[in-house]
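Student: Here's my sequence, what's the structure:
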Amino acid sequence: MPNRPLIIAHRGNSLLAPEQTMAAYRAAAELGADMIEADVRRSRDGVLLLMHDETLDRTTTGAGPVADFTWAELSELDAGGWFGQDYAGERVPCLDELLDFAEEADISLCLEAKGATPREQRFVASAVAQELARRGRLDRDVVASFDHEALAEAARATPGLRLAPDRLPERGPSRAETLIAQARRIGAEIIQHHHADLAPAAVKATQEAGIAIWAWPATSEESIERVHVMSVAGLMGDDVAAMVRVVDRSLT
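Tutor: Sure thing, here's the model as predicted:
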């Protein structure tokens, strides 16, 4: 639809379900998200899994760095009980589970490569890209990271990969010239930007230059409305229902 941004569920519908679990991803799809954003890390034995933090402590019953554990160990952890008893027993998903679900639900993915070191982020970004190519999803999904070199390396190894870098630095005001330069340097047609630091002039000039801006993580209706009226190409937040309401109101 004209002027309708992508609605992107940040870590799934993480306002109402434990982030980075299949429950949050399912809720996002049910509520009308166009895309799910998820963070990808690697277990000690090389399995790609979904978790934002470098350590297990905040969102699971485990403790310590994610990368110190095998997938068998990680898959036994409770990743939902911290959020609420209704979600006790939710597990840490692997990337394959999310990709299978995306096919079933007909939904796109924004997969952010994470790792404790630049070398690890490069490995994860390239591994995710290869999996998207293997599944024939290069024209639908994107790979994201604050490590632009990791994205550039993944794109060189996997032609056709779509990139959605996070702008650098993460916070603070920005200029369109800088956003355009950062995206173009690695061949990206999207750049992600914290919603609170966006200005209408920068959005307009950047998007007129062919670089789509995705604003994250606008979650309150007030913050969603603020960036939606700037005509950003993507709205990313924790509350899918709120994003749908704001967008639908603007189209009536």
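
Student: From L98, how far out is M22?
Tutor: From M22 across to L98, the span is 8 Å (Cβ to Cβ, to the nearest Å). To be clear about C-beta, it is placed using only N, CA and C from the backbone, and glycine gets the same treatment.

Student: which one's the longest helix in the chain?
Tutor: Scanning the chain for the longest helix, with DSSP state H as the assignment, gives helix 118-134.

Student: re the thing from before, when M22 and L98 are compared, which one has more neighbours?
Tutor: L98 (23 against 20; other Cβ atoms under 10 Å).

Student: these two touch, right, R175 and V203?
Tutor: No. Using Cβ atoms under 8 Å, R175 is not in contact with V203; the gap is 11.6 Å.

Student: Can you pick out the residue with more neighbours from the two?
Tutor: Comparing R175 with V203 by other Cβ under 10 Å, the one with more neighbours is V203, at 22 against 13.

Student: Buried by neighbour count: which residues of the helix or strand where the more buried one lies qualify?
Tutor: Assigned by DSSP states H and E, V203 belongs to helix 200-208. Across helix 200-208, burial judged by 16 or more other Cβ atoms under 10 Å covers A202, V203, A205, T206, Q207.

Student: gap between the third one and I191?
Tutor: Relative to I191, A205 is positioned 12 Å away (Cβ to Cβ).

Student: just the second one next, same as before
Tutor: Distance, V203 to I191, using Cβ to Cβ: 11 Å.

Student: Could you do the last one as well?
Tutor: Using Cβ to Cβ, one gets 10 Å for the distance from Q207 to I191.

Student: Could you tell me which residues touch both of those two?
Tutor: Common neighbours of Q207 and I191, using Cβ atoms under 8 Å, 6 or more residues apart in numbering, are I213.

Student: give me every residue that touches the residue nearest the centre of the chain.
Tutor: Centroid-nearest residue in the chain, with Cα atoms, centre = their mean: E37, separated by 2.8 Å. With contact set as Cβ under 8 Å, 6+ apart, E37 has these partners: I8, A9, H10, R11, L109, C110, L111, E112, A144, W216, M236.

Student: Quick check: of those, which lies closest to A129?
Tutor: L111 (9.1 Å; Cβ to Cβ).

Student: is the closest one in a bridge, and if so with what?
Tutor: A38, V143 (DSSP bridges).

Student: What number of residues are in the vicinity of G234?
Tutor: 23.

Student: Across the sheet, point out what pairs with it.
Tutor: Applying DSSP bridges, one finds that G234 bridges with L6, W214.

Student: can you offset everything so residue one is 3?
Tutor: Right, with 3 as the first residue, what we last looked at is G236.

Student: which residues touch stretch 89-98?
Tutor: With contact meaning Cβ under 8 Å, 6+ apart, stretch 89-98 is reached by 19-20, 22-25, 27, 42, 49-53, 62, 73, 76-83, 113, 130, 133.

Student: Just the buried ones from those, in PyMOL syntax?
Tutor: The PyMOL command for the buried members of the contacts of stretch 89-98 (criterion: 16+ other Cβ under 10 Å) is given here:
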select buried, resi 19+20+22+23+24+25+27+42+49+50+51+52+53+62+73+76+77+79+80+81+82+83+113+130+133
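
Student: Among the contacts of stretch 89-98, which ones are in helices?
Tutor: M24, A25, Y27, W73, L76, V130, E133.

Student: What is the nearest of these to V248?
Tutor: Using Cβ to Cβ, these come closest to V248 at Y27, 21.5 Å.
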